[in-house]
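Enquirer: Sequence below, structure please.
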Amino acid sequence: MMREERDQTRERVLTRRAAMLAGGEVALVGALAGRMYFLQVVEAKKYETMAEENRISVRLLAPRRGGILDRFGIRLAINQQNYRVVLVAEQAGDIDSTLNAIGTLIPLSDTDKHKVLRDIKHRHPFVPVIVRENLTWDEVSRIEVNVPELPGVNIDVGLSRAYPFADLASHAVGYVAPVSEQELTGDPLLELPDFRIGKSGIEKSEDGNLRGVAGSSQVEVNALGRIVREIGRDDGTPGEDIVLTLDMALQDYAQHRIASEEAATCLVMDTITGEVLVMASHPSYDPNVFTKGLTQAVWDGLNNDPHGPLYNKTIQGVYPPGSTFKPCVALAALENGLITPEFQVTCTGSTKLGDTEFHCWWHTGHGTLDLHGGIKNSCDIYFYELAKLLGVDRIAQMAHRLGIGQPVGIDIPNERPGLMPTRAWKQKRYGVAWQNGETYNIGIGQGYITATPLQLATMLTRIVTNRVIVPRLVRPNGLIRPNVPFDPNAGSRDFGGMGLQPAHIAAVLGGMNAVCNEEGGTAYAARITEDGMLMGGKSGSAQVRHITMAEREHGLRKPDELPWKDRDHALFIAFAPVGDPRYVCSVVVEHGIGGSKYAAPIARDVLRECQKRDPARRYPPEAAIVATADPQTPPVRQP
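Expert: Okay, the predicted model is just below:
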């Protein structure tokens, strides 16, 4: 009996356990079925999307950068195909080993490797990083054949910037280069391996318009992340083309004309519109080296060159204006009612202020001169007297009105302000009072005063037009089109009047006409002789070092015997044609000794060429430079 009871008890326990086990199994299967239903039915769309996202990769595409053209459509900045090898860090595994493997196939310097490692460090791991650009077909084929053994490595085809004219307009056009670490803002577009931004010139000032809107590419990838095929593509919106005011034929002429000097600059402006037709600075640089890969040696050479090839002398070069400032002083004296054009001064070659003797450049003296003769002969004594009558603050007031000592507002970055001193400025800057002798120096454009060639051109443009002209380099009206009747005021703006007395302007311009076109004028030898093209101007020679009394007493060394850096700057400002000025030119030859001898002939040649090409600026160019059929092909220079 006892045995039967034990068997029944054991059976009940086993039955209970089996039931519990069966119940657990049913619950587990039910839970599993429920979870499967939830995942496969309720959440089906979600996981379908996630699977699709793993299979489909969306990649940002850099937009095509807009072009830069001169006023006639000559292309100054274009885009060219660029084959490069790129590396995706999260797919590459051991980066050093991968770079070493690539280095066995194509030349890869330590600098290239260091750049790749630096870029990987500062970018998302899924963003491709450029290993090397501008590959040849042979290099492309070597990489492509070995891609299966190079995880994360691909050949990419993009666009790179190219400048067909190389160094002929580089300071105005500027250049693009990769985004630096300091310029990364979190915008994924800036992290793209082929993305470039403007670093100088128009490329920088118009970067937002040139850049365009990014596109995207949808590609199917396999489990290893390698691209299988492209499913969809949106190329985005290309950047805008920017039309400059430059006349490339004239720019070409001016750049070659100043190339005979060690360092020089030439600027030409249209007096009606304020358009800059020429912005030439020598020595220059080839912006293509920044897009093709700048070596440290090339960078050091550009940076350490004492002639300053990297900076735009027309807007960044600051120089004592010397005698080119005298028209401003004359106008200030006339407008303040301190003199009339008949006001006379007798020049004996020197004058005294207290114990200090101030010399005229013509040591034997000019005799008695009125305003016309003072400007024509650039008599220092005459302008010492005007400066004494005016005082520095009234000179500064006129100078500021004419654009000296402050940025004039051209649409290109890095314009320097120069300096027009006042009594208050010196007290604040040095903590001492202004001296009367310093006013004498200001009267002849020496002392603390400095100006850029752009400011000197703006000063003269405002004088000849009696309008507050503001120069510009971007032409908002677009290209000059063929068979369109010429409007001499096309592109002009309502600048507002200067409010100067026309008789006073006529007196100053009459003296500047005499500088070039009357015998005895300081630039008579550099005059334009063709009828209807006469120019008026003002020369200047600006000291770059103090001449001691001992040097004067013992005889100065000849200027061309001095070291180059100690020689005077040579300056010249000019307008043409006389009687109806349409063009203004400013020239500075650094350490060129004499404005009349070295700067004036450059201004003469450029203004003469400018006037010869006047019909070409109204219609497309027929000579000098003509565009080829392919707008991407550099223009052909004609004899």
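Enquirer: from here on, contacts and neighbour counts on C-alpha atoms
Expert: Will do.
Enquirer: which stretches of the stretch 101-250 of the chain form helices?
Expert: Counting by DSSP state H, counting those that start in this stretch, the stretch 101-250 of the chain has helices at residues 110-121, 137-146, 170-173, 201-205, 207-211, 248-258.
Enquirer: Could you pull up the mean pLDDT of the longest one?
Expert: The pLDDT scores in helix 110-121 average 81.
Enquirer: coming back round to it: tell me which of the helices of the stretch 101-250 of the chain sits most buried.
Expert: helix 170-173 (a mean of 26; mean count of other Cα atoms under 10 Å).
Enquirer: Just list what that one packs against, helices and strands only.
Expert: Other helices and strands packing on helix 170-173, by 3 or more Cα pairs under 8 Å, 6 or more residues apart in numbering; DSSP states H and E, are helix 201-205, strand 276-282.
Enquirer: What mean pLDDT does the first one get?
Expert: Put plainly, it is helix 201-205. Rounded mean pLDDT across helix 201-205 is 95.
Enquirer: can you give me how far it is from the chain middle?
Expert: Offset of helix 201-205 from its chain centre (Cα atoms, centre = their mean, to the nearest Å): 5 Å.
Enquirer: returning to what we had before: could you dump the helices and strands packed on helix 170-173 to CSV with distance to Asn288?
Expert: Below are the helices and strands packed on helix 170-173 laid out as CSV (distance: least, Cα to Cα, whole Å):
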stretch, distance to Asn288
helix 201-205, 13
strand 276-282, 17
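Enquirer: Quick check: which of these is nearest to Val392?
Expert: Smallest distance to Val392 across those (Cα to Cα): 31.0 Å, for strand 276-282.
Enquirer: and the next element down the chain from the closest one?
Expert: helix 288-292 (DSSP states H and E).
Enquirer: Report all helices and strands that the helix or strand following that following helix contacts.
Expert: Beyond helix 288-292 on the C-terminal side, the first helix or strand identified by DSSP H and E is helix 296-304. The elements that helix 296-304 packs onto, with contact taken as 3+ Cα pairs under 8 Å, 6+ apart, do not include any helix or strand.
Enquirer: Can you mark which positions in the helix or strand following helix 296-304 are buried?
Expert: The helix or strand immediately downstream of helix 296-304 is helix 313-316, counting by DSSP H and E. For helix 313-316, burial by neighbour count (16 or more other Cα atoms under 10 Å) applies to Lys313, Thr314, Ile315, Gln316.
Enquirer: what's the spacing between the third one and Arg123?
Expert: Same thing as Ile315. Noted for Ile315: a distance of 36 Å to Arg123, by Cα to Cα, to the nearest Å.
Enquirer: Helix or strand for Gly532, just tell me which one.
Expert: Here Gly532 is assigned to no helix or strand, by DSSP H and E.
Enquirer: Run a quick neighbour tally on it.
Expert: Neighbour count of Gly532, defined by other Cα atoms under 10 Å: 13.
Enquirer: Could you double-check that it sits in contact with Pro577?
Expert: Yes - using Cα atoms under 8 Å, Gly532 is in contact with Pro577, at 6.5 Å.
Enquirer: Residue ranges of each domain in this protein, please.
Expert: 60-243, 248-285+311-477+500-626 (automatic domain parsing).
Enquirer: Relative to Val29, which of these is closest?
Expert: So among these, domain 60-243 is nearest, using Cα to Cα, at 32.0 Å.
Enquirer: what about the most centrally placed residue in the chain, distance to Gly349?
Expert: Compute the mean C-alpha point of the chain, and by Cα atoms, centre = their mean the closest residue is Gly201, 1.4 Å away. For Gly201, the distance to Gly349 equals 46 Å [Cα to Cα].
Enquirer: cool, Trp362 as well?
Expert: 6 Å.
Enquirer: same thing with Ile197?
Expert: 56 Å.
Enquirer: try Ala254
Expert: 37 Å.
Enquirer: cool, Gly478 as well?
Expert: Distance from Gly478 to Gly349, by Cα to Cα: 54 Å.
Enquirer: cool, Cys516 as well?
Expert: Counting by Cα to Cα, the gap from Cys516 to Gly349 is 23 Å.
Enquirer: the more surrounded of these two?
Expert: Legend: neighbour count by other Cα under 10 Å for Cys516 and Gly349, higher for Cys516 (28 against 18).
Enquirer: Assign a three-state SS to that one, would you?
Expert: Classification of Cys516 using DSSP: H, G, I helix; E, B strand; the rest coil returns helix.
Enquirer: what's it in contact with, if anything?
Expert: Thr522, Ala523, Tyr524, Ala525, Ala526, Arg527, Met535, Gly536, Gly537 (Cα atoms under 8 Å, 6 or more residues apart in numbering).
Enquirer: roughly how far apart are it and Ala574?
Expert: From Cys516 to Ala574 the distance is 9 Å (Cα to Cα).
Enquirer: which neighbours do those two share?
Expert: Residues touching both Cys516 and Ala574 (Cα under 8 Å, 6+ apart): Met535, Gly536, Gly537.
Enquirer: Rebuild these as a markdown table, extending it with neighbour count and distance to Val432.
Expert: Shown next, in a markdown table, are the shared contacts of Cys516 and Ala574 (neighbours: other Cα atoms under 10 Å; distance: Cα to Cα, whole Å):
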| residue | neighbour count | distance to Val432 |
| --- | --- | --- |
| Met535 | 29 | 43 |
| Gly536 | 28 | 40 |
| Gly537 | 36 | 37 |
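Enquirer: Tell me the one of the residues you listed nearest Asn336?
Expert: Among these, and counting by Cα to Cα, the member closest to Asn336 is Gly537, at 23.5 Å.
Enquirer: For burial, what's the neighbour tally of Ala297?
Expert: With other Cα under 10 Å as criterion, Ala297 counts 9.
Enquirer: cool, the one 5 residues further on as well?
Expert: Counted with other Cα under 10 Å, residues neighbouring Leu302 total 17.
Enquirer: didn't it look like it was pressed against Thr295?
Expert: No - using Cα under 8 Å, Leu302 is not in contact with Thr295; the gap is 10.9 Å.
Enquirer: one step back: quick one: which of the contacts of Cys516 is nearest Val392?
Expert: Using Cα to Cα, the contacts of Cys516 come closest to Val392 at Gly537, 24.2 Å.
Enquirer: which non-adjacent residue is nearest the closest one?
Expert: Spatial nearest neighbour of Gly537, excluding adjacent residues (Cα to Cα, 6 or more residues apart in numbering): Ala574 at 3.9 Å.
Enquirer: Check Gln91 too.
Expert: Closest to Gln91 by Cα to Cα, 6+ apart is Gly152, at 4.6 Å.
Enquirer: Let me know the pLDDT of the one you found.
Expert: So Gly152 comes in at 82 (pLDDT).
Enquirer: swap in the one 5 residues further on?
Expert: On pLDDT, Val157 comes in at 80.
Enquirer: and what of Ala223?
Expert: Predicted confidence (pLDDT) for Ala223: 58.
Enquirer: and the gap between Gly158 and Thr439?
Expert: Gly158 is 60 Å from Thr439, by Cα to Cα.
Enquirer: More neighbours: these two, which one.
Expert: Thr439 (27 against 19).
Enquirer: so is the more buried one in a helix, a strand, or just coil?
Expert: At Thr439 the chain is in helix, as set by three-state DSSP.
Enquirer: my guess is it contacts Arg394, does it?
Expert: No - between Thr439 and Arg394 there is no contact, the gap being 10.7 Å when judged by Cα under 8 Å.
Enquirer: dump the residue contacts of Phe358.
Expert: Ser350, Thr351, Lys352.
Enquirer: Just give me the neighbour total for the first one.
Expert: Using other Cα under 10 Å as the criterion, Ser350 is surrounded by 16 other residues.
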